[in-house]
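K.L.:
Quick check, what structure comes out for this input:
(one chain, ligands or ions: 1)
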Amino acid sequence: MSETYDFLFKFLVIGSAGTGKSCLLHQFIESKFKQDSNHTIGVEFGSRVVNVGGKTVKLQIWDTAGQERFRSVTRSYYRGAAGALLVYDITSRETYNALTNWLTDARTLASPNIVIILCGNKNDLDADREVTFLEASRFAQENELMFLETSALTGDNVEEAFLKCARTILNKIESGELDPERMGSGVHTEQAALQLLEQGRPHQKSPDLPAESACDL
Ligand SMILES: Nc1nc2c(ncn2[C@@H]2O[C@H](COP(=O)(O)OP(=O)(O)OP(=O)(O)O)[C@@H](O)[C@H]2O)c(=O)[nH]1
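P.N.:
Here you go, the predicted model:
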């Protein structure tokens, strides 16, 4: 079935292993909790068309492995991403402490202007919480990130996280801060995406193709 859209945004989901990145993506795409989620090997991929501020936007989302041994592979997918969900687990201080490293990677490898929303996932497990809302919101403020606590299990704030990020990118396009025609902006009009396809540089690829072809956005 063909789908039309005004813009295509490349998104990343990044953060330490086991924080719930794959489950967040699954909840956003399928509207249900992914039971028995295994560690991601390299990257996985999903997409969904959403309506944001009167525009139709296709989100092309790359779910990256959090395990250190895949870091060199996942890094090759960062280039040109327009938005990212940076995920930690509210019941694991270790995953919170790793945020600075993930943030540095995103800003150096994707773009310094990448729009990032910090997601404190597993907020259904409040009794096991190791990171307070206040502490994480301060971190977000200091690092110019948006912030939400989410639950891939209950679906709490999952839709909001992706849409908030998309809305901010759209605002940047409308204010002229982000140019969708610039190569590497992570944003394309549908027409530009089709042109890239005609030139043999797909705007969208399946994860088994070489990493370079994902990087033309
Ligand atoms: N209670 C609860 N458990 C969750 C939530 N999200 C994920 N989980 C569980 O956390 C574990 C890890 O979830 P994944 O989505 O595979 O984590 P990941 O971040 O993709 O992990 P890597 O692929 O290794 O980077 C699984 O056992 C999930 O069932 C949530 O919101 N609440």
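
K.L.:
hmm, which helix or strand of this protein has the shakiest average pLDDT?
P.N.:
helix 190-198 (a mean of 65; mean pLDDT, DSSP states H and E).

K.L.:
Distance of residue 116 relative to the ligand?
P.N.:
16 Å (C-beta to the nearest ligand atom, to the nearest Å). In this view, the C-beta of every residue, glycine as well, is placed from N, C-alpha and C.

K.L.:
Can you pull the residues of this protein lying near the ligand?
P.N.:
17-23, 37, 39-40, 65-67, 121-122, 124-125, 151-153 (C-beta under 6 Å from any ligand atom).

K.L.:
So which of the residues you listed are in strands?
P.N.:
residue 121 (DSSP state E).

K.L.:
neighbours around residue 125, how many?
P.N.:
By other C-beta atoms under 10 Å, the residues close to residue 125 number 14.

K.L.:
where do the helices sit along the protein?
P.N.:
21-30, 71-75, 93-97, 99-105, 133-142, 158-174, 190-198 (DSSP state H).

K.L.:
winner for burial among those?
P.N.:
Comparing the helices of the chain by mean neighbour count (mean count of other C-beta atoms under 10 Å), helix 21-30 ranks first with a mean of 22.

K.L.:
Now do that one against helix 158-174: the angle between them, please.
P.N.:
Following axes from the mean of the first three to the mean of the last three C-alpha atoms, to 10 degrees, one obtains 80 degrees for the angle between helix 21-30 and helix 158-174.

K.L.:
roughly how far out does helix 21-30 sit from the chain middle?
P.N.:
Taking C-alpha atoms, centre = their mean, to the nearest Å, one finds the center of helix 21-30 at 11 Å from the center of the full chain.

K.L.:
Determine the set of other helices and strands touching that helix.
P.N.:
strand 7-15, strand 43-52, strand 55-64, strand 83-89, strand 115-121, helix 158-174 (3 or more C-beta pairs under 8 Å, 6 or more residues apart in numbering; DSSP states H and E).

K.L.:
how about the CA coordinates for it, as PDB?
P.N.:
Taking Å, rounded to 0.1, in the frame of the first residue of the first chain, the C-alpha atoms of helix 21-30 are listed here in PDB:
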ATOM      1  CA  LYS A  21      14.400   0.600  23.600                       C
ATOM      2  CA  SER A  22      13.000  -2.200  21.400                       C
ATOM      3  CA  CYS A  23       9.900  -2.400  23.600                       C
ATOM      4  CA  LEU A  24       9.300   1.400  23.200                       C
ATOM      5  CA  LEU A  25       9.600   1.100  19.400                       C
ATOM      6  CA  HIS A  26       7.300  -1.900  19.400                       C
ATOM      7  CA  GLN A  27       4.700  -0.100  21.600                       C
ATOM      8  CA  PHE A  28       4.800   2.900  19.300                       C
ATOM      9  CA  ILE A  29       4.500   0.900  16.100                       C
ATOM     10  CA  GLU A  30       2.200  -2.000  17.200                       C
END
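
K.L.:
Check the average confidence over it, would you?
P.N.:
Helix 21-30 carries an average pLDDT of 97.

K.L.:
Sounds good, over and out.
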